[in-house]
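Novice: Based on what follows, work out the 3D shape:
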Amino acid sequence: MKNDVNGVALGVFIFFFLAVTVMGFMAARWRAAENANNLDEWGLGGRSFGTWVTWFLLGGDLYTAYTFVAVPAAIYAAGASGFFAVPYTILVYPLIFLFLPRLWSVSHKHGYVTTSDFVRGRFGSKSLSLAVAVTGILATMPYIALQLVGIQAVLDVMGVGGGENTNWFIKDLPLLIAFGVLAAYTYSSGLRAPALIAFVKDTLIYIVIVVAIIYIPIKLGGFDDIFSKAGDWLSSDNPKTGAPRGALAPGEKAQWAYATLAVGSALALFMYPHSITATLSSRSREVIRRNTTILPLYSLMLGLLALLGFMAIAAGVKVDNNQLAIPQLFEDMFPDWFAGVAFAAIGIGALVPAAIMSIAAANLFTRNIYKDFLRPNATPEQETKVSKLVSLLVKVGALVFVLGMDKSVAINFQLLGGVWILQTFPALVGGLFTRWFHRWALLAGWAVGMVYGTMAAYGVATPTQKHFGGSQKEIPGIGEIGYIGFTAFVLNAAVVVVLTLVLRAVKAPDGVDETTAADYKADAGDPGVKADLPPATAGTSGGH
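Specialist: As a prediction, the model looks like this:
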């Protein structure tokens with residue numbers, strides 16, 4: 001971004017980075033169990049977190065550096081269409097209030113660590129479980145990469161790493177160091193590390209947003225001037241497209257796109273493995289229910305955060321990469337020391353979710369690929385060792401992705417990840433409420449949704465990109481522009497229902513359901529409920 005280093009901001013950033021690094025390694029001793037060599041301890045924090053820790057962990061998990069950078073960047077680039085993130089985070093919490101407590105209960109009862117564990121146990125299908133696991137890993141990888149993009153954006157604005165002509169190793173050395181530290185304390189402390197660091201991360205983010213929403217408008221002449229300047233800028237033509245850059249409010253033609261993107265994103269959010277990992281780490285069913293009622297406080301924060309996009313326009317921020325708009329706004333508007341605090345909030349906001357995501361992806365590989373297909377008799381110690389190693393490989397893959405590909409490609413693959421992960425909704429949420437869906441129908445619906453979603457996204461072009469240029473396309477049969485993921489989900493659900501009717505009619509065999517109706521309401525302390533129980537190998541049909 002620039003060649004001169006902001007020494008004061010960098011010093012503050014390094015202070016907070018070192019502080020959370022120490023916390024990350026110390027977390028290994030926080031609530032440590034006598035035997036830490038099992039996935040319940042390393043991958044789920046011992047399933048011991050209460051309301052307060054779970055709230056910070058889920059917030060740190062869902063509201064990432066990418067959120068901090070990308071949501072206001074979308075508004076900076078196109079206007080109010082970027083606000084879709086606010087209604088979708090409002091929609092998601094009543095939705096998860098219905099199904100997350102049920103998932104927690106059955107997972108706690110049977111010792112499930114991943115969503116694929118549940119799908120395998122519920123439908124008796126390793127193929128369906130494998131499909132859910134592979135989808136989760138694929139969708140998570142670019143998400144981790146984007147957290148590293150967030151760190152890189154902050155480093156660029158601070159002038160760390162030199163200019164564009166600097167040797168690649170020197171330029172990317174700060175990111176390599178941050179990656180190495182993240183990998184080390186995640187390997188050592190597991191989920192306890194991001195859980196502890198999340199306290200610092202969310203506190204910093206709240207402080208930065210409160211200050212920004214008061215301090216920056218005062219410097220820019222108030223919100224009247226901000227909205228006036230933003231409206232004028234967004235209504236002017238983009239020289240690359242010849243069309244207006246955006247609008248302060250979505251027009252009539254954009255309403256389908258806005259609505260389907262909000263609803264589809266809400267359905268997808270808690271399908272991501274890292275969301276489920278954070279959920280299953282809590283100690284009781286009531287903790288989950290309580291969190292779904294207080295997590296909307298983050299939506300208030302997100303709404304305020306989104307306004308920073310308009311402020312960047314009004315402040316005259318000019319960047320080639322929209323993802324740099326908010327870091328550059330902080331650099332331009334804040335005193336150097338507080339810019340360092342803001343950059344630390346973004347940087348730590350990348351470390352927390354990246355750690356959880358890598359753990360979640362590693363757990364999926366270990367439980368639903370390594371153990372189910374490669375080594376069925378693996379001991380808990382072997383599972384933990386494999387999961388630790390895979391968490392490192394996942395981070396390396398994300399790092400290579402960031403360093404070797406254009407950043408816009410990374411963003412588009414993350415959008416594709418949202419399309420993919422939404423296709424696991426029928427198997428997971430459907431399975432929590434009914435056994436009627438047939439396992440083969442669910443697998444076929446997943447395949448149809450994945451193929452359609454991928455091909456449709458591949459065909460989206462922009463003036464600067466031939467393929468994967470976005471996540472919106474014309475909805476077949478309606479003629480309106482909508483979110484590809486939601487269209488793929490509707491096709492998926494239709495295939496599941498139709499094929500289930502056919503398979504039930506021909507009496508196709510069901511898999512063995514190892515769960516019972518009571519399992520979905522079980523709580524910690526109930527007879528027979530233990531966090532360290534291995535998944536059962538047989539059972540009776542659940543009957544619900």
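Novice: Contacts only, for the nearest residue to Ala249 once chain neighbours are set aside.
Specialist: Once flanking residues are discounted, Ala249 sits nearest to Ala80: 5.1 Å by C-beta to C-beta, 6 or more residues apart in numbering. Just so you know, the C-beta spots here come from the backbone N, C-alpha and C atoms, and that holds for glycine as well. Under the criterion of C-beta atoms under 8 Å, 6 or more residues apart in numbering, the neighbours of Ala80 are 246-250.
Novice: how about 7 Å then?
Specialist: 247-250 (C-beta atoms under 7 Å, 6 or more residues apart in numbering).
Novice: How many neighbouring residues does Leu393 have?
Specialist: By the measure other C-beta atoms under 10 Å, the count of residues near Leu393 is 14.
Novice: Just confirm Leu128 is within a strand.
Specialist: No: using DSSP: H, G, I helix; E, B strand; the rest coil, the assignment for Leu128 is helix, not a strand.
Novice: Let me know the pLDDT of it.
Specialist: Reading off the per-residue confidence, Leu128 sits at a pLDDT of 97.
Novice: how far away is it from Phe425?
Specialist: According to C-beta to C-beta, to the nearest Å, Leu128 stands 13 Å off from Phe425.
Novice: And the two? Which one has more around it.
Specialist: A count of neighbours by other C-beta under 10 Å puts Leu128 above the other of Leu128 and Phe425, at 24 against 20.
Novice: right, and that one touches Ala441 too?
Specialist: No: in this structure Leu128 lies outside contact range of Ala441 using C-beta atoms under 7 Å: 10.0 Å.
Novice: Ala198 versus the residue nearest to Ala249, what's the distance?
Specialist: 30 Å.
Novice: ditto for Met158
Specialist: Computed as C-beta to C-beta, the Met158 to Ala198 distance reads 23 Å.
Novice: Name all residues that make contact with the most centrally placed residue in the chain.
Specialist: Within the chain, the residue whose C-alpha comes closest to the C-alpha centroid is Leu62; the distance, by C-alpha atoms, centre = their mean, is 5.5 Å. The contact partners of Leu62, taken as C-beta under 7 Å, 6+ apart, are 269, 275.
Novice: again, only this time at 10 Å
Specialist: If a contact means C-beta atoms under 10 Å, 6 or more residues apart in numbering, then Leu62 has 89, 92, 269-270, 272, 274-275, 278, 295, 298, 302, 353, 356 as its contacts.
Novice: so which of those would you say is closest to Ala19?
Specialist: The shortest approach to Ala19 among the contacts of Leu62 belongs to Pro353, at 18.3 Å (C-beta to C-beta).
Novice: what about that closest one, helix or strand, and which?
Specialist: Following DSSP states H and E, the helix or strand that holds Pro353 is helix 336-365.
Novice: my read: Arg435 touches Asp513, true?
Specialist: Yes: with contacts counted by C-beta atoms under 10 Å, Arg435 reaches Asp513, the gap being 5.9 Å.
Novice: ok, back up a step: quick check: mean pLDDT across the helix holding Pro353?
Specialist: Throughout helix 336-365, pLDDT has a mean value of 92.
Novice: What residues sit buried inside it?
Specialist: Going by neighbour count (16 or more other C-beta atoms under 10 Å), the buried part of helix 336-365 is 338-365.
Novice: Check stretch 440-449 too.
Specialist: Buried, per 16+ other C-beta under 10 Å, within stretch 440-449: 440-446, 448-449.
Novice: and what of stretch 447-467?
Specialist: Taking 16+ other C-beta under 10 Å as the basis for neighbour counts, the residues of stretch 447-467 that come out buried are 448-450, 452-454, 456-457, 460.
Novice: per-residue confidence averaged over it?
Specialist: Taken as a whole, stretch 447-467 has a mean pLDDT of 87.
Novice: Identify the residues contacting the closest residue to Leu308 other than its chain neighbours.
Specialist: The spatial neighbour of Leu308 that comes closest, neighbours along the chain excluded (C-beta to C-beta, 6+ apart), is Pro72 at 4.0 Å. Contacts for Pro72 (C-beta under 10 Å, 6+ apart) come out as 82, 85, 212, 302, 304-312, 322, 325-326, 329.
Novice: Tell me what angle whichever strand or helix holds Ala145 forms with helix 336-365.
Specialist: Taking DSSP H and E as the definition, one finds Ala145 inside helix 126-158. Orientation check (axes from the mean of the first three to the mean of the last three C-alpha atoms, to 10 degrees): helix 126-158 against helix 336-365 gives 160 degrees.
Novice: Any buried residues in the helix or strand following helix 126-158, and which?
Specialist: Where DSSP H and E defines the elements, the next helix or strand beyond helix 126-158 is helix 168-189. Neighbour-count burial for helix 168-189, counted by 16+ other C-beta under 10 Å, picks out 171-175, 178-179, 181-183, 185-189.
Novice: Minimum pLDDT in the residues you listed, which residue is that?
Specialist: Lowest in pLDDT among the buried residues of helix 168-189 is Lys171, which has 67.
Novice: separation between the closest residue to Gly82 other than its chain neighbours and Ala212?
Specialist: Ranked by C-beta to C-beta, 6+ apart and with sequence neighbours excluded, the top spatial neighbour of Gly82 is Ala74, at 3.1 Å. Counting by C-beta to C-beta, the separation of Ala74 from Ala212 is 17 Å.
Novice: same check, this time on Glu514
Specialist: Here Glu514 is placed at a distance of 50 Å from Ala212 (C-beta to C-beta).
Novice: before we move on, back to that, could I get the contacts of Ala80 as TSV with pLDDT?
Specialist: As requested, those are arranged in TSV below (pLDDT from 0 to 100):
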residue	pLDDT
Ala247	78
Leu248	72
Ala249	72
Pro250	71
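Novice: Need the max-distance pair from these.
Specialist: For the contacts of Ala80, the farthest-apart pair by C-beta to C-beta is Leu248 and Pro250; their separation is 9.2 Å.
Novice: Mutual contacts of those two, please.
Specialist: With C-beta under 10 Å, 6+ apart applied, the overlap between the contact sets of Leu248 and Pro250 consists of 79-80.
Novice: more neighbours, the two?
Specialist: A direct count of neighbours by other C-beta under 10 Å for Leu248 and Pro250 places Pro250 higher, at 20 against 15.
Novice: out of everything not next to it in sequence, what's closest to the more buried one?
Specialist: Tyr258 (4.9 Å).
Novice: buried set for stretch 233-253?
Specialist: Here stretch 233-253 shows 233-234, 245-246, 250 as buried, counting by 16+ other C-beta under 10 Å.
Novice: Kind regards, and thank you for your time.
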